[in-house]
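Engineer: sequence first, then the predicted structure:
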Amino acid sequence: MKLGLCKISMFCLARGLVIVVTISEVAKEAGVSVATVSRVLNHCGKVRPETEQKVKEAVVKLQYTINMPARNLRKNESGAILVLARNFTNPFYAKILEGISDEANPAGYNILVSASDGNPKMGFQCIQMLEGRQVDGAILLNCTEDDAVWLKPHIGKYPIVQCCDFVAAFDTPKVIVDHFRTGYEAVQYLVSLGHRRIAFMGAENKHSCTVQRLEGYKKAIKDFELDEEDALYISADANYTFESGCRAVYPMLTGKNPPTAIFCVSDVLALSCIFEAKELGIRVPEEFSVVGCDDVEYARMCHPFLSTFRLPCYEMGRESARQLLRCIHRTPEEYVEIIEDFSLQVRESTGMAGKDVALAVSERT
């Protein structure tokens, strides 16, 4: 009597035995070649989506697992990838890391997370892991021009992908959003609510998201012929901390001619603006509207819920890992730049322009 492979597996498991499923058996189950299964598992080469799905279903059905030590030894790989950022204090990174893990782990790769704290020496030490073959590739989450000194010699030599923030001159795959457009559309939306004096809160760093959102903001201010003053551009610290946001917005809200709305480059900073406004007795959104960017979980934890731009963080993480695995397993003919879309989530922190903020503060003091 002949038993199917799945029945044999169940028989062996019931008796505490171990059965090793081979890649050939996965190929037979999926009705494809061994080479096709290998391309799917290693994220290399083109495979039609329906074929890829068949292979993945066969892998699950047969409970196939890659012999990672053998594969890594055969390919001279470490089976690990590095995710490098200046810090991970911002909750924005959580979904990106989740996406990277969900794409890389099934392919047999572990994730090493490291923070450089803006220190070139720390960044260089992390990238040296590529030279020592401790990792097979790296995903860089917030590169700036300041990183060029220590990073540039490694570009092109090792598999590297830039995600979120990037340096345009670096010839690597990039998975990003149109930061300029978020800045522009934030002002456009606030103008549609009747606001004419709109502020911008950035951060003391050179991240592409900070720089380009400010550029988009300034372009919209000019296009809509709004108030354009240096006093309307304020900055929190380089790490977008809540405390620094409070410190930055306080003088603006208590000044002679405060804005009626503000766009912040991160949700954490937007929440600091809402907090400080409440401390001063300014009602949000009746007297002061706030727009953030990222749509982190905190944005919906307390009222008023934050109006913010939802960035596809999880999808960016998965795509970054996908691009890195392609770089690890083959040399791309050309480096791609993938621009993910975003959407404005209108909630409770924005409303029609109302009473002057300075008047509101004076009435309560």
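Structural biologist: Ah, there it is. No experiment lies behind these values; they were computed from the predicted model shown.
Engineer: quick check: which ranges of the stretch 51-200 of the chain have low pLDDT?
Structural biologist: Applying pLDDT under 70 to the stretch 51-200 of the chain flags the ranges 65-77.
Engineer: quick one: residues contacting residue 104.
Structural biologist: With contacts defined as CB atoms under 8 Å, 6 or more residues apart in numbering, residue 104 is in contact with 81, 110, 111, 321, 324, 325. Glycine gets a C-beta too; all of them are placed from N, C-alpha and C.
Engineer: if you could redo that for residue 181, that was the one I meant.
Structural biologist: Contact analysis of residue 181 by CB under 8 Å, 6+ apart lists 216, 342.
Engineer: mind listing which of the contacts of residue 104 are in strands?
Structural biologist: Among the contacts of residue 104, the members found in strands (DSSP state E) are 81, 110, 111.
Engineer: and the buried ones among the residues you listed, selectable in PyMOL?
Structural biologist: The buried residues among the ones in strands among the contacts of residue 104 can be selected in PyMOL (16 or more other CB atoms under 10 Å) with this line:
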select buried, resi 81+111
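Engineer: quick one: which of the ones in strands among the contacts of residue 104 is nearest residue 64?
Structural biologist: Closest approach between the ones in strands among the contacts of residue 104 and residue 64, by CB to CB: residue 110, at 19.0 Å.
Engineer: which SS class is the residue lying closest to residue 305 once chain neighbours are set aside?
Structural biologist: With CB to CB, 6 or more residues apart in numbering as the criterion, residue 305 has its nearest non-adjacent residue at 3.9 Å, and that residue is residue 347. Under DSSP: H, G, I helix; E, B strand; the rest coil, residue 347 falls in the coil class.
Engineer: repeat for residue 256
Structural biologist: Strictly by three-state DSSP, residue 256 counts as coil.
Engineer: how much space separates it from residue 237?
Structural biologist: Counting by CB to CB, to the nearest Å, the gap from residue 256 to residue 237 is 26 Å.
Engineer: where exactly do the helices run in the stretch 1-150 of the chain?
Structural biologist: With DSSP state H, counting those that start in this stretch as the criterion, the stretch 1-150 of the chain has helices at 5-14, 23-30, 34-42, 49-62, 68-75, 92-104, 120-131, 148-151.
Engineer: pick the most buried one from the ones you listed.
Structural biologist: helix 92-104 (a mean of 21; mean count of other CB atoms under 10 Å).
Engineer: so what's residue 140 up against?
Structural biologist: Contacts for residue 140 were tallied using CB under 8 Å, 6+ apart; they are 84, 85, 147, 151, 160, 161, 162, 163.
Engineer: re the thing from before, which of residue 256 and residue 237 has more neighbours?
Structural biologist: residue 237 (15 against 6; other CB atoms under 10 Å).
Engineer: would you agree residue 202 falls within a strand?
Structural biologist: Yes - counting by three-state DSSP, residue 202 is found in a strand.
Engineer: circling back: which one of the contacts of residue 104 is nearest to residue 248?
Structural biologist: residue 111 (33.8 Å).
Engineer: isn't that closest one up against residue 105?
Structural biologist: Yes - if you go by CB atoms under 8 Å, residue 111 and residue 105 touch, sitting 7.4 Å apart.
Engineer: redo the ones in strands among the contacts of residue 104 as a markdown table? Include distance to residue 95.
Structural biologist: Listed next are the ones in strands among the contacts of residue 104 as a markdown table, based on distance: CB to CB, whole Å:
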| residue | distance to residue 95 |
| --- | --- |
| 81 | 18 |
| 110 | 19 |
| 111 | 14 |
